[in-house]
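Colleague: here is a sequence with its predicted model. Questions after.
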Amino acid sequence: MTSDAIDAVLRGAVERGEVVGVSATAGNAAGTLYEGAFGRRGADQAAAMAPDTVVWIASMTKAVTTVAALRQVEAGRLSLDAPIAGVLPDLASPQVLVGFAPEGGAPMLRPANRPITLRHLLTHASGFSYDIWNAGIGTYMAAKGIPGIITCERAALTTPLVADPGTRWEYGIGIDWAGLAVEAVTGRRLDAVIAEEIAGPLGMADTAFRIGAPQRARLASMHVRGEDGSLTPIPFEIPQDPEFHMGGGGLYGTVRDYLRFCRMILNGGTLDGARILGPETVAEMRRDQIAPLEMLPMRTALPGSSNDVEVFPGMRKGWGLSFMINDRDGPDGRAAGSLFWAGLGNTYYWIDPTRDRAGVIATQVLPFADPKVLALLGAFERAVYAEA
């Protein structure tokens, strides 16, 4: 890869007005191969975007929380396949939403036919969902006065399942519950576990649920994409004193930090002498956990938060612990068996063990799966592999 080629891709997106600012980095098991940034931290800011610009990484949090949970599995405190109710009694009697009464619209529930396990939670096979992509859950939340997950209120976790555990892939709040399981068996808040056991050892100094003063000085603004393609900055911040730390989406961080996390995965659980996970555990993370189930298209129920999401149409996608896994080579360079996911504010990463590459790219744009940012992701990926 050439830095000039990647620079041109990122700079072009800013010059065309497709993004206000973008930061990106790429590397392999041995080190960083590229980092760069173009544009501004916000349409309301004069400061330039940089590789250490702090962004809300949203659901890129999921892989970090999963690592925290798998460390407890390695220590014997959690089991992937025992009923998770053993450590989370609130999940002892899960209920499945089957519809709404014809008269009055009251939600109709039935008991789930099997217990929820940690493996279910980490692979989005638990039956939990998000109102962003499941209208039924949105209707249930409205009927019961349940707040959205982004409030970080415990009441946000009181939604029913939409399928029996292990029967369907459905993107949802499972990893928020996994974060609570980590807290239950360690006796510590999730922020402390991640800081002490993952972010600290990996040198991810800017990754945390709480935005510290040094990070706030480098914080990017969130933007909303208008129908005319314009980008307008909006006030946005994850609660800084939450009832629970949102293990499914609460972290802030930088592309520089997140590449270190990706490189730890490429190195089988270690980076620069810090052992985070054993190689057997990382191999399990990389294994498709849900076959013959597969990742399904995510049709938006809240267009202000997300567009429809369908990654690599026509290709089967599996799910590991806790990444999307493409069955075949991707169109932009990544090999079959690569790991991928993203954050709601249009942040993205991939980890390609076969071709020894990882990339991270960040903007701050809503709604998710922004077509212009997805095109930029593809162009960035192609440039990373161009001379690999």
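Modeller: Great, that's in hand.

Colleague: spatially, what comes nearest to residue 301 if we skip its sequence neighbours?
Modeller: Excluding its sequence neighbours, the residue lying closest to residue 301 (CB to CB, 6 or more residues apart in numbering) is residue 135, at 4.1 Å. For every residue, glycine as well, the C-beta is placed using N, CA and C.

Colleague: can you show me the strands along the stretch 101-250 of the chain?
Modeller: 107-111, 222-225, 231-234 (DSSP state E, counting those that start in this stretch).

Colleague: among those strands, which is nearest residue 330?
Modeller: strand 222-225 (24.7 Å; CB to CB).

Colleague: show me what the closest one is packed up against.
Modeller: strand 231-234, strand 365-366 (3 or more CB pairs under 8 Å, 6 or more residues apart in numbering; DSSP states H and E).

Colleague: give me the buried positions along stretch 365-385.
Modeller: 365-370, 372-374, 376-377, 379-385 (16 or more other CB atoms under 10 Å).

Colleague: same deal with stretch 229-238?
Modeller: Buried residues in stretch 229-238 (16+ other CB under 10 Å): 231, 233, 238.

Colleague: and it, average pLDDT?
Modeller: In this model, stretch 229-238 carries a mean pLDDT of 97.

Colleague: so who does the nearest residue to residue 121 once chain neighbours are set aside touch?
Modeller: Nearest residue to residue 121, sequence neighbours excluded (CB to CB, 6+ apart): residue 174, at 3.7 Å. Listed by CB atoms under 8 Å, 6 or more residues apart in numbering, the contact set of residue 174 reads 120-124, 126, 128, 248.

Colleague: only the buried subset of these, as a PyMOL command please.
Modeller: Only the buried entries of the contacts of residue 174 go into this PyMOL selection, using 16+ other CB under 10 Å:
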select buried, resi 120+121+122+123+124+126+128+248
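
Colleague: pick the one among the contacts of residue 174 closest to residue 142.
Modeller: residue 128 (17.6 Å).

Colleague: any idea how far the closest one lies from residue 174?
Modeller: Applying CB to CB, to the nearest Å, the value for residue 128 to residue 174 is 5 Å.

Colleague: ditto for residue 108
Modeller: Distance, residue 108 to residue 174, using CB to CB: 23 Å.

Colleague: buried sites along stretch 10-25?
Modeller: Neighbour-count burial for stretch 10-25 [16+ other CB under 10 Å]: 10, 13-14, 18-25.

Colleague: right, I mislabeled it, should have said stretch 240-251
Modeller: Applying 16+ other CB under 10 Å to stretch 240-251 flags 242, 244-251 as buried.

Colleague: would you format the residues you listed as JSON lines with pLDDT and distance to residue 262 included?
Modeller: Listed next are the buried residues of stretch 240-251 as JSON lines, based on pLDDT from 0 to 100; distance: CB to CB, whole Å:
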{"residue": "242", "pLDDT": "97", "distance to residue 262": "26"}
{"residue": "244", "pLDDT": "97", "distance to residue 262": "26"}
{"residue": "245", "pLDDT": "98", "distance to residue 262": "22"}
{"residue": "246", "pLDDT": "98", "distance to residue 262": "21"}
{"residue": "247", "pLDDT": "98", "distance to residue 262": "19"}
{"residue": "248", "pLDDT": "98", "distance to residue 262": "19"}
{"residue": "249", "pLDDT": "98", "distance to residue 262": "18"}
{"residue": "250", "pLDDT": "98", "distance to residue 262": "19"}
{"residue": "251", "pLDDT": "98", "distance to residue 262": "14"}
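
Colleague: take the residues you listed and keep only those in helices.
Modeller: Judged by DSSP state H, helices contain none of the buried residues of stretch 240-251.

Colleague: of these, which pair is most distant in space?
Modeller: Distance extremes for these: the farthest pair is 244 and 251 at 13.5 Å, using CB to CB.

Colleague: can you give me the helices in the stretch 251-388 of the chain?
Modeller: 255-266, 279-285, 371-385 (DSSP state H, counting those that start in this stretch).

Colleague: of those, which is nearest residue 69?
Modeller: Among those, helix 279-285 comes nearest to residue 69, with 10.6 Å by CB to CB.

Colleague: quick one: list the elements packing against that closest one.
Modeller: Short answer (3+ CB pairs under 8 Å, 6+ apart): helix 279-285 packs on helix 61-74.

Colleague: from the chain's centroid, how far away is the helix it packs on?
Modeller: Relative to its chain's centre, helix 61-74 lies at 13 Å (CA atoms, centre = their mean, to the nearest Å).

Colleague: one more: stretch 116-123?
Modeller: Centroid displacement of stretch 116-123 relative to its chain, using CA atoms, centre = their mean, is 16 Å.

Colleague: what pLDDT, on average, does it get?
Modeller: 98.

Colleague: coming back round to it: can you lay out the buried residues of stretch 10-25 as JSON lines showing secondary structure?
Modeller: Formatted as JSON lines, the buried residues of stretch 10-25 follow (DSSP: H, G, I helix; E, B strand; the rest coil):
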{"residue": "10", "secondary structure": "helix"}
{"residue": "13", "secondary structure": "helix"}
{"residue": "14", "secondary structure": "helix"}
{"residue": "18", "secondary structure": "coil"}
{"residue": "19", "secondary structure": "coil"}
{"residue": "20", "secondary structure": "coil"}
{"residue": "21", "secondary structure": "strand"}
{"residue": "22", "secondary structure": "strand"}
{"residue": "23", "secondary structure": "strand"}
{"residue": "24", "secondary structure": "strand"}
{"residue": "25", "secondary structure": "strand"}
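
Colleague: just the pLDDT for the nearest residue to residue 333 once chain neighbours are set aside.
Modeller: Once flanking residues are discounted, residue 333 sits nearest to residue 385: 3.1 Å by CB to CB, 6+ apart. With respect to pLDDT, residue 385 scores 96.
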